[in-house]
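*Asks:* sequence first, then the predicted structure, then my questions.
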Amino acid sequence: MQLLILGGTGFLGPHLVELALAKGWHITLFNRGKSAPTLFDGDKYKSIVQLRGDRDPAKGDGLASLEKAIAAGAKWDAVIDNSSYVPRVTTASAKLLSSVTRFYQLVSTISVFSDLSIAPDESTPVSTIADPTTEKITGESYGPLKALCEQAAQAILPQTTCIVRPGLIVGPGDDSNRFTYWPVRIARGGSVLAPRAAKPQSARVQFIDVRDLAAFMLRLIEDGHAGTYIANGPQGPLFMEEMLAGIKCAVSDPVEFVWADEAWLLEQSVQPWMGLPLWIPVGPDTAGAGCANCSKAFSHGLTCRPLSETARDTIANFESTKGERPADFAWGSGRAPGITAERESELIALWRARG
């Protein structure tokens with residue numbers, strides 16, 4: 001299998017590369033060489049062809065190295081577009097590669113759905129944006145622009161485009177640290193502040209281990225499955241309390257969860273999603289959060305490893321990469337999500353003082 005990856009050195013990319021190499025696939029990487037430029041140096045990776053350039057044809061040499069490789073006869077069984085954010089750039093790559101690949105796989109996001117009041121599946125309408133020509137990526141434009149990237153690829157390769165929409169990607173190498181907050185905090189032991197919904201079994205969470213996502217993407221390529229897939233996990237419902245209890249099982253230090261009501265946490269200005277990561281307060285406007293229908297992906301080969309394995313490996317990766325983080329890294333400090341240890345202690349004391 002001849003595989004071209006656009007990107008390849010970020011969070012998901014290295015896992016794709018390692019799995020593809022293990023399968024004996026021949027890999028070409030196209031990227032700027034700015035993120036981890038020596039990541040694939042060494043004898044293990046000597047078979048990888050590394051092309052330098054920019055996805056944006058208007059920047060630097062743009063796609064010139066890809067064009068040169070194609071002129072010399074390069075063809076690929078599949079392309080993984082791992083770094084599409086604006087449709088103009090996606091269009092340029094898809095047009096260039098349409099005649100030299102049989103399969104175009106684009107990594108999108110579940111954020112193409114902005115209405116959290118409903119549980120989406122692949123048929124749910126995606127978000128739109130007032131100005132589809134904007135290339136300014138914000139919290140509001142990110143999802144709609146990804147949806148436009150999907151449409152750009154599908155317009156050029158309508159029969160052979162595969163859209164993968166992951167939710168929150170977690171596990172080793174995750175530098176967003178959203179899920180990471182919980183395993184690392186729980187591993188520290190002691191009293192852990194946690195959010196509790198009025199109806200705990202309505203507070204669902206979803207995420208996917210990066211290794212499971214990479215394996216699923218390569219499985220789709222092997223099986224030749226085009227179309228669109230929401231790739232999220234686990235396979236069944238997972239509630240916030242179950243997630244934290246599952247992570248607790250992966251650590252050895254004593255842990256006591258202090259469950260504070262959602263309404264009270266909001267009164268204390270605790271920020272959902274980033275203040276206490278993965279927490280989305282339950283209400284009519286968020287009834288679909290954590291409930292995306294992923295049955296199509298599971299029927300096409302997606303599998304999810306145990307939560308305890310993801311938690312243990314996340315902790316190990318966090319500990320092994322301490323030297324790579326900024327000196328002023330601290331939870332809740334602006335460098336990372338979560339709340340500071342001092343703020344957590346203060347909130348726990350206030351909650352307990354309520355009697």
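*Replies:* Here it is on my side, so go on.

*Asks:* quick check: chain neighbours aside, which residue is closest to Met240?
*Replies:* In this structure, Met240 finds its nearest non-sequential neighbour in Ala203, 4.4 Å apart by CB to CB, 6 or more residues apart in numbering. (Glycine included, C-beta is placed from N, CA and C.)

*Asks:* wait, Thr228 sits on Ser123?
*Replies:* No: the pair Thr228 / Ser123 is not scored as a contact, 9.0 Å apart, by CB atoms under 8 Å.

*Asks:* quick one, which of the two is more surrounded?
*Replies:* Higher neighbour count among Thr228 and Ser123: Thr228, with 20 against 8, using other CB atoms under 10 Å.

*Asks:* bridged to the more buried one, which residues?
*Replies:* Beta-bridge partners recorded for Thr228 (DSSP bridges): Ile163.

*Asks:* which pLDDT value belongs to it?
*Replies:* pLDDT recorded at Thr228 is 98.

*Asks:* pull the contacting residues for it.
*Replies:* 122, 150, 162-163, 165 (CB atoms under 8 Å, 6 or more residues apart in numbering).

*Asks:* before we move on, the earlier item: any idea how far Gly290 is from the residue nearest to Met240?
*Replies:* 8 Å (CB to CB, to the nearest Å).

*Asks:* intersection of neighbour lists for these two?
*Replies:* In contact with both Ala203 and Gly290: Ile280, using CB under 8 Å, 6+ apart.

*Asks:* domain assignment for this protein?
*Replies:* The chain breaks down by automatic domain parsing into domains covering 2-166, 178-205+237-290+307-353.

*Asks:* with distance to Leu220 and mean pLDDT added, can I get these in a markdown table?
*Replies:* Formatted as a markdown table, the domains of the chain follow (distance: least, CB to CB, whole Å; pLDDT from 0 to 100):
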| stretch | distance to Leu220 | mean pLDDT |
| --- | --- | --- |
| domain 2-166 | 6 | 96 |
| domain 178-205+237-290+307-353 | 21 | 94 |
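
*Asks:* got those as JSON lines, with distance to Ala297 columns?
*Replies:* Shown next, in JSON lines, are those (distance: least, CB to CB, whole Å):
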{"stretch": "domain 2-166", "distance to Ala297": "8"}
{"stretch": "domain 178-205+237-290+307-353", "distance to Ala297": "16"}
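
*Asks:* and these: which comes nearest Met217?
*Replies:* With CB to CB as the measure, domain 2-166 is the member of the domains of the chain nearest Met217 (5.8 Å).

*Asks:* and the end-to-end length of that closest one?
*Replies:* Its first and final residues considered, domain 2-166 spans 24 Å by CA to CA, to the nearest Å.

*Asks:* how far does that domain sit from the chain's center?
*Replies:* Counting by CA atoms, centre = their mean, to the nearest Å, domain 2-166 is centred 14 Å from the centre of its parent chain.

*Asks:* check which helix or strand His259 maps to.
*Replies:* Quick fix: residue 259 reads Trp, not His. In the assignment (DSSP states H and E), Trp259 maps to strand 255-261.

*Asks:* need the strands for the stretch 101-250 of the chain, in chain order.
*Replies:* Ranges of strands in the stretch 101-250 of the chain, per DSSP state E, counting those that start in this stretch, are 104-107, 161-166, 169-170, 190-196, 208-209, 227-231.

*Asks:* mind checking these for the one nearest to Trp351?
*Replies:* The nearest among those, by CB to CB, is strand 190-196 at 7.7 Å.

*Asks:* just checking: what are the partner strands of the closest one?
*Replies:* Here strand 190-196 is paired, per DSSP bridges, with strand 255-261 (parallel).

*Asks:* please name the residues that touch the closest residue to Phe329 other than its chain neighbours.
*Replies:* Spatial nearest neighbour of Phe329, excluding adjacent residues (CB to CB, 6+ apart): Arg335 at 4.8 Å. Taking CB under 8 Å, 6+ apart, we find Arg335 in contact with 325-326, 328-329.
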